[in-house]
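Asker: Sequence and predicted structure are below.
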Amino acid sequence: KYLQEDDVSEDCKKLLSTLPKQKGWVGSYVYNYQGFWALPRLIQGVIACQRQFQAEDNDIILVTAPKSGTTWLKALLFSLVNRKKYPIFKKNHPLLVKNPHDLVPLLEQDLYVDGQVPDFSLFTSPRLMATHVPFASLPKSVQNSRTKLVYLCRNPRDTFISMWQFTNNLRLDSHRDTNSIEEMFDHFCKGVGLYGPFWSHVLGYWKESIENPDKVLFLMYEEIKKQPKIQLKRMAEFLDCPFSIEEEDCRVVDEILRMCSFGNLRNVEVNVNGKMSAGMANKNFFRRGEVGDWKNYFTVEMNDKLNYIVEQKFHGCGLKF
Ligand code: A3P
């Protein structure tokens, strides 16, 4: 329902009329609020969350640019931090009956989108939430508290292809025509991506993770694919819940990775036939789940153009794509 463009308050409509806008990925337009591009209802959600959300010191917030692997990381973090409450070997594990997005809500999209006051009494401790908001636009209490941020980044080429495919599926679901790859690539290169520019999003959290490594853990989708055990243990240590020797001996680490793997999650009944509370089919979040699928779509020209931009934007920062 957050895709319905007119479903925003009068105040938000007034604000939108003053913001720069561009052709949308999902709906008609995306708007530029505080330097990033987003859908109307999500801007409403961001503003409400900036005004109201009170972070607590032991909160954990997963941050991603959309299509970077949010679904996977939500599943991994949920299993990791709740492994005493929901042992990973139990047959009734929540990931077997709920989509990861229904277990780890997005602040601006699920919790604050309608200006409602979220019922945090339903959360277990530590509270686990997610957001796509760039670092500079996070609610002040997140920046000022000891809340931990886990940031997941993905190669911009795969992120772009995933976003183009995903948003076209949503357009088809709401009986719109699809966007061509050429047009959306041009958009992406100009920085007009959901919550983009992509590079500003990544660099904001990258810088913070270097200056404040106890606050922000910076992860790469590709590295988790390559060395899943090492990366999951890194997450556990960062979140002050390292695996014990007994847990390692009982293969808890392997079982969390197996439970959250693409092959397993995409075949769980709720992800095959279920819908999110926001109305979207869960299966949309499981496409290929691979590294390098962009090679099946990029022309030489597209590759050259994005290489040039990536080189310019990330030059000297220590990140390589
Ligand atoms: P592809 O479109 O390249 O397949 P998000 O969760 O941020 O919306 O990102 C979705 C991307 O993550 C999709 O990428 C999706 O297939 C992939 N994905 C979903 N679940 C995954 C998992 N368990 N492991 C690895 N990738 C996963």
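Answerer: All right, it came through fine.
Asker: only C-alpha atoms for contact and neighbour calcs from this point on.
Answerer: Will do.
Asker: what ranges do the helices span in the stretch 151-300 of the chain?
Answerer: With DSSP state H, counting those that start in this stretch, the ranges of helices along the stretch 151-300 of the chain come out as 156-173, 181-189, 198-211, 221-226, 228-238, 245-249, 252-259, 262-267, 269-273, 300-314.
Asker: Make JSON lines out of those and add distance to the ligand.
Answerer: Listed next are the helices of the stretch 151-300 of the chain as JSON lines, based on distance: least, Cα to the nearest ligand atom, whole Å:
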{"stretch": "helix 156-173", "distance to the ligand": "4"}
{"stretch": "helix 181-189", "distance to the ligand": "14"}
{"stretch": "helix 198-211", "distance to the ligand": "13"}
{"stretch": "helix 221-226", "distance to the ligand": "7"}
{"stretch": "helix 228-238", "distance to the ligand": "10"}
{"stretch": "helix 245-249", "distance to the ligand": "21"}
{"stretch": "helix 252-259", "distance to the ligand": "9"}
{"stretch": "helix 262-267", "distance to the ligand": "3"}
{"stretch": "helix 269-273", "distance to the ligand": "10"}
{"stretch": "helix 300-314", "distance to the ligand": "17"}
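Asker: can I get the ones you listed in CSV with mean pLDDT, mean neighbour count and distance to P94?
Answerer: Listed next are the helices of the stretch 151-300 of the chain as CSV, based on pLDDT from 0 to 100; neighbours: other Cα atoms under 10 Å; distance: least, Cα to Cα, whole Å:
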stretch, mean pLDDT, mean neighbour count, distance to P94
helix 156-173, 95, 19, 25
helix 181-189, 97, 16, 36
helix 198-211, 98, 18, 30
helix 221-226, 98, 15, 22
helix 228-238, 98, 16, 19
helix 245-249, 97, 10, 20
helix 252-259, 98, 18, 11
helix 262-267, 98, 17, 12
helix 269-273, 97, 17, 11
helix 300-314, 98, 13, 39
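Asker: Dump those to a markdown table, plus distance to G35.
Answerer: Output for the helices of the stretch 151-300 of the chain, formatted as a markdown table (distance: least, Cα to Cα, whole Å):
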| stretch | distance to G35 |
| --- | --- |
| helix 156-173 | 19 |
| helix 181-189 | 15 |
| helix 198-211 | 9 |
| helix 221-226 | 25 |
| helix 228-238 | 30 |
| helix 245-249 | 44 |
| helix 252-259 | 36 |
| helix 262-267 | 33 |
| helix 269-273 | 34 |
| helix 300-314 | 16 |
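Asker: Out of the ones you listed, which is closest to F78?
Answerer: helix 252-259 (9.8 Å; Cα to Cα).
Asker: just checking, what packs against that closest one?
Answerer: Here helix 252-259 touches helix 70-81, helix 228-238, going by 3 or more Cα pairs under 8 Å, 6 or more residues apart in numbering; DSSP states H and E.
Asker: rerun that using 10 Å as the cut-off
Answerer: helix 70-81, helix 228-238, helix 245-249, helix 262-267 (3 or more Cα pairs under 10 Å, 6 or more residues apart in numbering; DSSP states H and E).
Asker: and Y29, how many residues sit next to it?
Answerer: 17 (other Cα atoms under 10 Å).
Asker: Is it correct that it is in contact with Q22?
Answerer: Yes. Counting by Cα atoms under 10 Å, Y29 touches Q22, with 5.4 Å between them.
Asker: Spit out the residues that contact the two alike.
Answerer: Among the neighbours of Y29, those also in contact with Q22 (Cα atoms under 10 Å, 6 or more residues apart in numbering) are W37, A38.
Asker: which residues sit in contact with L19?
Answerer: V30, Y31, N32, Y33, Q34.
Asker: would you say the first one is within a strand?
Answerer: Put plainly, it is V30. Yes. According to DSSP: H, G, I helix; E, B strand; the rest coil, the state of V30 is that of a strand.
Asker: hey, what's it bridged with?
Answerer: Q22 (DSSP bridges).
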